[in-house]
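K.L.:
Quick check, what structure comes out for this input:
(4 chains)
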There are 4 protein chains.
Amino acid sequence: MTHPSLDDELYGDTLREECGVFGILGHPDAATVTALGLHALQHRGQEAAGIVSFDGRQFHSERQHGLVGDHFTDPGTINRLPGNMAMGHVRYSTTGETALRNVQPLFAELEVGGIAIAHNGNLTNGLTLRKRLIAQGAICQSTSDTEVVLHLIARSQRSSSSERFIDALGALEGAYAMVALTRTKLIGARDPNGIRPLVLGDLDGHPIFASESCALDIIGARFVRDVENGEVVVCEQQPDGSISIDSYKPFQPRRERLCLFEYVYFARPDSIVGGRSVYAARKRMGKNLALEAPLEADVVVPVPDGGTPAAIGYAQQSGIPFELGIIRNHYVGRTFIEPTQSIRAFGVKLKHSANREEIAGKRVVLVDDSIVRGTTSLKIVQMIREAGAKEVHIRVASPMIYHSDYYGIDTPDPDNLLANQYATVEDMCRHIGADSLQFLSIDGLYEAVGGEPRDAKAPQFTDHYFTGDYPTRLTDLGGRSKSEPKQVSLLKEAG
Amino acid sequence: MTHPSLDDELYGDTLREECGVFGILGHPDAATVTALGLHALQHRGQEAAGIVSFDGRQFHSERQHGLVGDHFTDPGTINRLPGNMAMGHVRYSTTGETALRNVQPLFAELEVGGIAIAHNGNLTNGLTLRKRLIAQGAICQSTSDTEVVLHLIARSQRSSSSERFIDALGALEGAYAMVALTRTKLIGARDPNGIRPLVLGDLDGHPIFASESCALDIIGARFVRDVENGEVVVCEQQPDGSISIDSYKPFQPRRERLCLFEYVYFARPDSIVGGRSVYAARKRMGKNLALEAPLEADVVVPVPDGGTPAAIGYAQQSGIPFELGIIRNHYVGRTFIEPTQSIRAFGVKLKHSANREEIAGKRVVLVDDSIVRGTTSLKIVQMIREAGAKEVHIRVASPMIYHSDYYGIDTPDPDNLLANQYATVEDMCRHIGADSLQFLSIDGLYEAVGGEPRDAKAPQFTDHYFTGDYPTRLTDLGGRSKSEPKQVSLLKEAG
Amino acid sequence: MTHPSLDDELYGDTLREECGVFGILGHPDAATVTALGLHALQHRGQEAAGIVSFDGRQFHSERQHGLVGDHFTDPGTINRLPGNMAMGHVRYSTTGETALRNVQPLFAELEVGGIAIAHNGNLTNGLTLRKRLIAQGAICQSTSDTEVVLHLIARSQRSSSSERFIDALGALEGAYAMVALTRTKLIGARDPNGIRPLVLGDLDGHPIFASESCALDIIGARFVRDVENGEVVVCEQQPDGSISIDSYKPFQPRRERLCLFEYVYFARPDSIVGGRSVYAARKRMGKNLALEAPLEADVVVPVPDGGTPAAIGYAQQSGIPFELGIIRNHYVGRTFIEPTQSIRAFGVKLKHSANREEIAGKRVVLVDDSIVRGTTSLKIVQMIREAGAKEVHIRVASPMIYHSDYYGIDTPDPDNLLANQYATVEDMCRHIGADSLQFLSIDGLYEAVGGEPRDAKAPQFTDHYFTGDYPTRLTDLGGRSKSEPKQVSLLKEAG
Amino acid sequence: MTHPSLDDELYGDTLREECGVFGILGHPDAATVTALGLHALQHRGQEAAGIVSFDGRQFHSERQHGLVGDHFTDPGTINRLPGNMAMGHVRYSTTGETALRNVQPLFAELEVGGIAIAHNGNLTNGLTLRKRLIAQGAICQSTSDTEVVLHLIARSQRSSSSERFIDALGALEGAYAMVALTRTKLIGARDPNGIRPLVLGDLDGHPIFASESCALDIIGARFVRDVENGEVVVCEQQPDGSISIDSYKPFQPRRERLCLFEYVYFARPDSIVGGRSVYAARKRMGKNLALEAPLEADVVVPVPDGGTPAAIGYAQQSGIPFELGIIRNHYVGRTFIEPTQSIRAFGVKLKHSANREEIAGKRVVLVDDSIVRGTTSLKIVQMIREAGAKEVHIRVASPMIYHSDYYGIDTPDPDNLLANQYATVEDMCRHIGADSLQFLSIDGLYEAVGGEPRDAKAPQFTDHYFTGDYPTRLTDLGGRSKSEPKQVSLLKEAG
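P.N.:
As a prediction, the model looks like this:
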């Protein structure tokens, strides 16, 4: 599996994170800082981006399809986002839901003033809540879970916007790292399990919330701490100009269970997630993989770019030289037009090419971060063989994926997962055409990330895609952990 | 005053209608027919257009900036609007409110199914209702009055969508000609005064609502009757495929008061409004004007295109030859870019030019439909003089405009109206630079349109812009008939 | 036949002029003035527009698809056209030749400096010259005749650019009104027959060339005189800042033969062409038509907009009232998308609608400027009948069209002309469905335009479309006056 | 220095290759294959791309700004390029010269048929030739050297197109790898020094020319051989369907001198250039650098992506661990808008970020491929220091750059090169802020690429940017190897 970008649709063999969030309070260049923060979080969503600011009198919103850099570095756009408070969101492209009405942040004008919210994650009772709200006369404009939260806030009987926000969170099940902006407050919240990450930072005394620490680094902000699971952090601009920061824990305490896929694939390698270096964790996955699944070979080749840190770890542990045996074409761009059939026939090589001199006549270990449907792996093995490899071995730095995610990762239908299509690893290996295939064990992964094997009674991480152990109820599914098409709006609209 | 088009912004000397509506029930080409109907109503709004259809299962919506012909004749767009029920809307451009979220029809998913509505007119208690709804937890996405109606429908306790619609109308003050589409019904309604027009038509047994009869002619549909003031007409597709048409009159009966400006300026000359030919009414305005304000002259010249029918009437009554003394450049298009200062200096001639041979050495009677601020008149007189006219007389086929409209016509600040800037007609004439200036009397106008003078106790038409006699309460203004900036949303968003 | 605009493609029943030209020397706002002049000439070509300026050091060129107002009023565009000398061109859309490389003015860098040229008209030996040039090593980038002229200039052995220009003209056959711009000169030229018009104007001492006088009026410039047939007028900026104007007559003298279709259809009604008011000539065509083909009727109705002046003339001569019995929809815009089949089925009504009240029960005289293929006439008669007319009579203010034009008017294949499809006028009338049909005689047309009947030995005007009498050799056709596909470039390129 | 992409303009510290070329003869999917080949060569030019095909009757051309994948994978575009012969070109963005008229291939219609040419390289006598051609009456449309070649072909007295092509090459000085397409032939040629690369490939019997072998790999074509320096290879489709391949050597034999910068930076690492693996050469540069400039350190960090192969070589030679200490943000896209000043203030971090955990407290060796102006190096050192590095050492895998290139690489003004701004390496190091700085020696580079040190009498490679030893005359400069602004066209045109 390779790093996410729109061109992956050419292959359809990847997972996608739904969102990244960012907000800052009290900074004179709030919109600029937010644009930079979102740029650093761009890997979490490339379809669309939005920023809302508040200038002391009015909220301002800009939401656009495309990358942050396509619009939000434009002086014109930034000038339309005045004020010293701003927050934003990046999201990725899901089929048929690209309407601008779904691009966040979403905004509501309340009797007590306006509120904007942005959400990374997914609710498991969103549809249930939505039906109840419509029965009560609410008008839903978007098809997103996030609007449900907005309606809950609007209908809350509490007096202040932050109390209403907390009130609304009480009704939610699922995963959320959420940021909200009111006329005086910037609020950050994580769900009781802490499935999605959210950090608190500080830039010259101005608090920041961001999905990952790399969004702090880009602007030279200081990492303060993670927002805790089940915590709501309310930053408020006081009349005297000072900023107060208060922590609320409105939910019953639970052990944090961060999503393992943040470590395996989603988070940027230079981010610190849950206090752990993502790059170092990935290297350890590669090392553990070399220990669990050693072999004799001439060269360790990463499947770029996702497999590179694990490949370095594998090479260091095994002593086999690390070489760039696959070159990635970075110009397979976002605007790559749906190609003609005759171009499709040329397959995976649009994005990857074999570095023939490093492959020919050699025993090659390919290291990838994960395998979803296996279609890319199959094509890459074929390409490596055509380049003259003597042997091709695949080592995957995570366990086999069996189950759907309902917390913000877009997983294919379980029937399409490689792990569900073949009874044994040997069968999978044969299908892919490799000489050998091995996955990292679940304990190997836990050890690489957290230093200890999985605690079966109280798992330290969210890992249902590997294990089937979902961290919350799945209310919208009636408790059945099976993928069902989510009812969309009665209205279908382009735009 | 000349016919409305975006280029009028170059001059800013015009009134604008806000909208046109159209809907059809049961026709296999419902979206196509709606597109054609809206095309015929294009003069009522050129900024944006939208169509919603229902295919028996799902509603489909397409809303676009620009003309109907820019998008809605495209097979791709029409194909995205399947179903045998459709309705649509054209609207014009108001400053700073061009966001797509304001383009109609607006849609809501109700517990009892979806409903789409489109509205021509303006509420005089829209802001008051909006504030009340927000206090009750409603989230307003647009800044339009129409969304207020949608929320009232969503919150109604009635069971069926048509009952909810009528329930919502009960709370409204102001002017509306409204069309609504549910899963089985097409509904048309006019406010108790019947300020805005709405006709019921029939195409091969399929009922149609349209703002003007010209939208029936374009598709060869039959004119059935006007929807009456205060009437709600509900057309419903029955399970057996037949269509029922029921009339409801939920409000206290009142005399109809159609807006006189529909006759003076807005409606297309080939439309029949309130049972009267608009073209014939305009010709009679010109005839009455010739009777009220006769003079000796060599040539009657219309200010194109608005003044042409009245000029023909004036010429026929006076016996002075009718000539095209002013040529209009139809290529002053919608996309005419904000020109450079040096181009602006060349002024009105971008759109009009004098037909010198018919002007030079002659005594010219210019006939215009109305005068708003007088800036265009001033430039046209100057152009006619430069072309060598011996005398220039202006005859205006409507009375002087003193007051703002709050029912869907975008009027300038009253202080900017010519009639409020000068004490006497002689002063206005001097300002404009004409040799004489005369306006049609209010009774002359009433007689031209309705055949009788104004009934002061129960005026037959809406005429407050001339008389100050508003047909409804002006709740949002606290009863004061003075122009005030309407509060916009707390959120400002481009797009 | 109605006035030309892109939407006419919906009907395909019109002739098209190829171009309009404009140039000014020595004016500080040269590009602005040129943009305005081209805007006034927009009716001569709506596909594309271009302007070239010279700033004393470098030539600047902007060429764009679309209307003048779409681009050339933009301050950014005007700023990219500095200098006090500028010229420009508007052209219309021909099928498959819309590439920007064909948009004029065309430019060549000569050893003696640069030259830009713009051309209205068409050469009858352009292809012959083109083949000869290619054989000599010239590289032709465009498919236009105009580039041929540019190559002749580049290869001329004369020393100055104006001498080279005159040298090149000597090789041309056909029609041209041409404007050229060098580093110090603005040159205007008409072909020996003077088929296309070109006037010399003056704005505050700065000479102007323009296709029609209406381009002078828009900027308040003074009409000086027509450029004569076979004349080359060279305006030169002298070192002392003064401007010299010299006239050259390099060709054997001939009688001028202006194209009659300029009067019938192409020129704007407010233009003075060949010293004659176009509007007055059209009115006289209508008067002569009333004299030649009188009848009893209730109402004279113009086919808008082209037939309006002749209809006024017809009404004045006959005493039958003039009424706007057909309303034109001006929003049938340039961007009207190729409509769906179901929309096409609704036919001509997209553009025209009957003003039913003025038609029903009446004997109607429809006055049109010309009939090309008759398809529009057929649809309009049908529409008028459906509106309830008792009788429909067509009167055409020009003779029948039998022959192709090769001088800049885009005529359909002769086989598709109505006049060639039916043996008698009665047959044509029956085909169109009218109660009677009559065309103006050739002498009636000559009299309306020039005051005298046709001089058969030395006709005063170009009239081959009516008579077959071509004013020049047709070299590219091998002398045969039959339409043949002109060889295009070996290269086909979009853009 | 990092890999070239438009975003580099944010930093301005890079060299740029001007072009890549590709052509194929006789393949049924010629345009598709060409699009794929150009996609693989995208790193050689990202501004614009063009393809010309010939279908046996007519040439077809599509030229577009943007990436190959933006347009040339679109079925619509491919369908407009029919035929079994095609060739294409990618080019990069130079300031102010982005007009489409400069996008290749360029085409000329000759008396003997059409010819299209595409050119990688630059002429050193292009301006001299251009002036001579204009004096002879040629009209130059573009500002590119390539059009000069086209005019020489058009004016050649030879009979066949390939003879004319060779005739034209005889007049050229400088660097060129050129591909030409006529009605039956595909021709490839390299200049006498062979400065730019060009390979001959074969796809199922159909000959291919491409700038680099990676363009063969993407389509599964076989590498046949390099086109030799000074060789013209003519592939011709014979009447019987077979293809002949003939080699011509019209110039005096010389030793080949491939441009060293192809190895250092331009060519893709998986390409074989001049028979040598680019990746292997870069790794050897890193190894030689480790031998020439060893030190004690904790970690070897590549400046991505350009420095990665050399860093791997350095790490392998030195035994110091290779780590991804700098993470590149791949979403700094082509459309990154010119950012606001406040965003610019955040500097280099838009593209790169430090992987803090691998840097903090460590002695870091940064390996980059080259240093041009040093601005990026300065910012990266600062970033690494801020991430807590104990020491920062820079090792550059090529010598210092002192001189401009005139053969197709866009070099900054020599005064802006780091090497010309400081007297000693120590001064440079101090400026950049590193603890030490060392460049690879010229012999070290020669050895890495060719296996032997530089032969001072007959250098094996083109290396003037390091040594000042230009391989050809610099005619346009009058022999002076000093950067002078090249005269552009007298015409300035956008588009």
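K.L.:
Which parts of chain A belong to which domain?
P.N.:
Following automatic domain parsing, chain A resolves into domains at A:18-256, A:277-494.
K.L.:
tell me how far the longest one is from the chain's mean position?
P.N.:
Translated: domain A:18-256. Centroid separation for domain A:18-256 versus its chain: 15 Å, with CA atoms, centre = their mean, to the nearest Å.
K.L.:
can you list contacts of stretch A:50-58?
P.N.:
Residues from elsewhere that reach stretch A:50-58, judged by CB atoms under 8 Å, 6 or more residues apart in numbering or on different chains: A:30-31, A:34-35, A:38, A:59-64, A:72, A:81-83, A:85-89, A:103-105, A:107, A:114, A:116, A:118, A:181-183, B:490-492. C-beta coordinates here come from the backbone N, C-alpha and C atoms, glycine included.
K.L.:
now do stretch A:422-434
P.N.:
A:366, A:374, A:377-378, A:381-382, A:385, A:392-394, A:400, A:418-419, A:421, A:435-439.
K.L.:
Touching, A:E357 and D:S277? I think so.
P.N.:
Yes. The pair formed by A:E357 and D:S277 meets the contact definition of CB atoms under 8 Å, at 3.9 Å.
K.L.:
So for the two, which sits in the more crowded spot?
P.N.:
A:E357 (23 against 20; other CB atoms under 10 Å in any protein chain shown).
K.L.:
What's the separation between the more buried one and chain C?
P.N.:
Relative to chain C, A:E357 is positioned 40 Å away (criterion: CB to the nearest CB, to the nearest Å).
K.L.:
quick revisit: winner for burial among the domains of chain A?
P.N.:
domain A:18-256 (a mean of 22; mean count of other CB atoms under 10 Å in any protein chain shown).
K.L.:
sorry, back to before: C:P453 is nearest to which of the domains of chain A?
P.N.:
Set against C:P453 and scored by CB to CB, the domains of chain A come closest in domain A:277-494, at 62.7 Å.
K.L.:
Could you tell me how far that closest one lies from the centre of the chain?
P.N.:
Relative to the centre of its chain, domain A:277-494 is centred 16 Å away, using CA atoms, centre = their mean.
K.L.:
What average pLDDT does that domain get?
P.N.:
pLDDT averaged over domain A:277-494 equals 89, rounded to a whole number.
K.L.:
the longest helix in chain A is where?
P.N.:
Ordering each helix of chain A by length in residues (DSSP state H) puts helix A:278-292 first.
K.L.:
Just the CA trace of that one, in PDB.
P.N.:
Extracted C-alpha coordinates of helix A:278-292, given in PDB (Å, rounded to 0.1, in the frame of the first residue of the first chain):
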ATOM      1  CA  VAL A 278       5.600   7.600  14.000                       C
ATOM      2  CA  TYR A 279       8.800   7.200  12.000                       C
ATOM      3  CA  ALA A 280      10.400   5.300  14.900                       C
ATOM      4  CA  ALA A 281       7.400   3.100  15.300                       C
ATOM      5  CA  ARG A 282       7.400   2.200  11.600                       C
ATOM      6  CA  LYS A 283      11.100   1.400  11.700                       C
ATOM      7  CA  ARG A 284      10.400  -0.900  14.700                       C
ATOM      8  CA  MET A 285       7.600  -2.500  12.700                       C
ATOM      9  CA  GLY A 286      10.300  -3.300  10.000                       C
ATOM     10  CA  LYS A 287      12.700  -4.500  12.600                       C
ATOM     11  CA  ASN A 288      10.100  -6.800  14.300                       C
ATOM     12  CA  LEU A 289       9.200  -8.000  10.800                       C
ATOM     13  CA  ALA A 290      12.800  -8.900  10.100                       C
ATOM     14  CA  LEU A 291      12.900 -10.800  13.400                       C
ATOM     15  CA  GLU A 292       9.600 -12.600  12.800                       C
END
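K.L.:
check contacts around A:S353.
P.N.:
When contacts are counted by CB under 8 Å, 6+ apart, A:S353 touches A:326-327, A:329, A:383, D:40, D:214, D:217-218, D:270.
K.L.:
Check A:L291 too.
P.N.:
A:L291 makes contact with A:317, A:444 under the criterion CB under 8 Å, 6+ apart.
K.L.:
Please report how far it lies from C:V52.
P.N.:
When distances are taken as CB to CB, to the nearest Å, A:L291 and C:V52 turn out to be 74 Å apart.
K.L.:
So which bits of chain A are right by chain B?
P.N.:
A:52, A:58-63, A:80, A:100-101, A:107-111, A:113-114, A:134-135, A:137-141, A:147, A:150-151, A:154-156, A:489-495 (CB under 8 Å from any CB of the partner chain).
K.L.:
Just the residues you listed: which are in strands?
P.N.:
Among these, the members falling in strands (DSSP state E) are A:52, A:59-63, A:107-110, A:113-114, A:491-493.
K.L.:
between those residues, which is nearest chain D?
P.N.:
Closest approach between these and chain D, by CB to the nearest CB: A:E62, at 13.0 Å.
K.L.:
okay, and for the stretch 101-250 of chain A, where does confidence drop off?
P.N.:
Low-confidence segments of the stretch 101-250 of chain A, defined by pLDDT under 70, are absent; every residue clears the threshold.
K.L.:
could you show me where the helices are in it, in order?
P.N.:
Ranges of helices within the stretch 101-250 of chain A are A:126-135, A:145-155, A:161-169, A:214-217, based on DSSP state H, counting those that start in this stretch.
K.L.:
Please name whichever of these is nearest to chain D.
P.N.:
With distances scored as CB to the nearest CB, the stretch of those nearest to chain D is helix A:214-217 (5.4 Å).
K.L.:
Name the residues that touch that closest one?
P.N.:
A:20, A:22, A:36-38, A:40-41, A:199, A:201, A:203, A:208, A:210, A:222-223, A:268, A:270-271, D:327, D:349, D:353-354, D:356.
K.L.:
Put the alpha carbons of it into CSV.
P.N.:
The C-alpha atoms that make up helix A:214-217 are tabulated as CSV, following Å, rounded to 0.1, in the frame of the first residue of the first chain:
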residue,chain,number,x,y,z
CYS,A,214,3.6,18.1,12.2
ALA,A,215,1.1,20.9,11.9
LEU,A,216,2.8,22.6,14.9
ASP,A,217,6.2,22.1,13.4
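K.L.:
With A:A48 as the reference, measure out to whichever residue of the stretch 101-250 of chain A sits closest to chain C.
P.N.:
Taking CB to the nearest CB as the measure, the point where the stretch 101-250 of chain A comes nearest chain C is A:R101, at 24.8 Å. Summarising the geometry, the distance separating A:R101 from A:A48, computed by CB to CB, is 11 Å.
K.L.:
can you give me the strands in the stretch 251-400 of chain A?
P.N.:
Counting by DSSP state E, counting those that start in this stretch, the stretch 251-400 of chain A has these strands, from start to end: A:258-259, A:272-273, A:276-277, A:299-302, A:326-328, A:352-354, A:363-368, A:391-396.
K.L.:
The fifth one near chain D at all?
P.N.:
Yes. Counting by CB under 8 Å from any CB, chain D is contacted by strand A:326-328 at A:I327.
K.L.:
rewinding a little: got the helices of the stretch 101-250 of chain A as TSV, with distance to B:H464 columns?
P.N.:
Formatted as TSV, the entries for those read as follows, by distance: least, CB to CB, whole Å:
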stretch	distance to B:H464
helix A:126-135	40
helix A:145-155	37
helix A:161-169	42
helix A:214-217	57
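K.L.:
hmm, who's touching stretch A:127-136?
P.N.:
A:123, A:140, A:148, A:151-152, A:155, A:171-172, A:475-476, A:486-487, B:109-111.
K.L.:
Widest-spaced pair of the residues you listed?
P.N.:
Looking at the contacts of stretch A:127-136 by CB to CB, the two members farthest from one another are A:L172 and B:L110, with 24.0 Å of separation.
K.L.:
now for the helix or strand containing A:E447, which elements pack on it?
P.N.:
Assessed by DSSP states H and E, A:E447 sits inside helix A:442-450. Where contact means 3 or more CB pairs under 8 Å, 6 or more residues apart in numbering or on different chains; DSSP states H and E, helix A:442-450 is packed against helix A:278-292, strand A:461-462, helix A:464-467.
K.L.:
what about 7 Å?
P.N.:
Helices and strands touching helix A:442-450, as assessed by 3 or more CB pairs under 7 Å, 6 or more residues apart in numbering or on different chains; DSSP states H and E, comprise helix A:278-292, strand A:461-462.
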